[in-house]
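Chemist: could you work out the structure for the sequence below:
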Amino acid sequence: MNPLIMIPARMAATRLPNKPLALIGDTPMIVRAYRQAEASGLPVVVAAGDPEIVEAVEAAGGRAVLTDPALPSGSDRIRAAVDAIDPEGDFDAVINVQGDMPFASPGLAVACAAILHGESTCDIATLVAAEADGSDRTNPDVVKAVLALSEGERQARALYFTRSTLYGDAPVWRHIGVYGYRREALNRFCAAPPSPLEKREKLEQLRALEMGMQIWAAVIDEAPLSVDNPADLEAARALA
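Modeler: Model prediction:
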């Protein structure tokens, strides 16, 4: 396979405006995310919704593509960006790494690419981690993945994703928002309208499941820090 990492980013975040350019140490968050992804050894491009993001990435020596700020989702943004830089389709897989995970291990993108390489029926690859504590089970902000995972396995097909409470003695898997798409699957996904379950749960990956696509997930040891609000930003700065 010939995968490309895409990092979607836009300035208009509701809970933390101008988030991509927020400084962590002396480095903008989007630049930290870019450098972490770059360490995977895969090519990396930022799919930017604003020229300020392009300027910050290019000033740090990275590559960014300006996309329409009105695009409805990160998936639509990475599709627009990859079509712009690779209209011939040389990159047959696109790994969507989040720009608000400034300390994400470079291995996360590699893990998604490995699923696509190893599972011929997989359309979309993603990642999960064990619940941090018991409160994750009832927290609607923690997206849970329901996997067909047997004991001892580290990779399985995802049957559903939900914000609802999950019961029982089996592990609860937190979904990590890193995705690997086969190029054709990304095109199909973005061409389809939002689905009923997607709109109900506010989880776009449910659209793929309702379309009959297969999503496979690999277990990682720990969820990376995601910066979603001012408190998360202060935690990231402390970690840096």
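
Chemist: dump the helix or strand encompassing I95 to PDB, restricted to CA.
Modeler: I95 belongs to strand 93-96 when assigned by DSSP states H and E. Below are the C-alpha coordinates for strand 93-96, written out as PDB (Å, rounded to 0.1, in the frame of the first residue of the first chain):
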ATOM      1  CA  ALA A  93      -4.900   4.900   1.500                       C
ATOM      2  CA  VAL A  94      -5.500   8.000   3.600                       C
ATOM      3  CA  ILE A  95      -4.800   8.100   7.400                       C
ATOM      4  CA  ASN A  96      -6.800  10.800   9.200                       C
END
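
Chemist: what strands line up against that strand, and which way round?
Modeler: strand 3-9 (parallel), strand 173-182 (antiparallel) (DSSP bridges).

Chemist: quick one: the helix or strand just after the shortest one to chain centroid distance?
Modeler: Where DSSP H and E defines the elements, the next helix or strand beyond strand 3-9 is strand 23-24. When C-alpha coordinates are averaged (Cα atoms, centre = their mean, to the nearest Å), strand 23-24 and its chain have centres 21 Å apart.

Chemist: what's the neighbour count on D68?
Modeler: Around D68 there are 10 other residues, counting by other Cβ atoms under 10 Å. Any C-beta I mention is one placed from the backbone N, CA and C, and that applies to glycine too.

Chemist: need the three-state assignment for it.
Modeler: coil (DSSP: H, G, I helix; E, B strand; the rest coil).

Chemist: what's the closest non-adjacent residue to it?
Modeler: Nearest residue to D68 in three dimensions, chain neighbours excluded: A80, at 6.6 Å (Cβ to Cβ, 6 or more residues apart in numbering).

Chemist: any idea how far the residue nearest the centre of the chain lies from A218?
Modeler: Geometric centre of the chain, nearest residue: V178, 2.8 Å, by Cα atoms, centre = their mean. According to Cβ to Cβ, to the nearest Å, V178 stands 10 Å off from A218.
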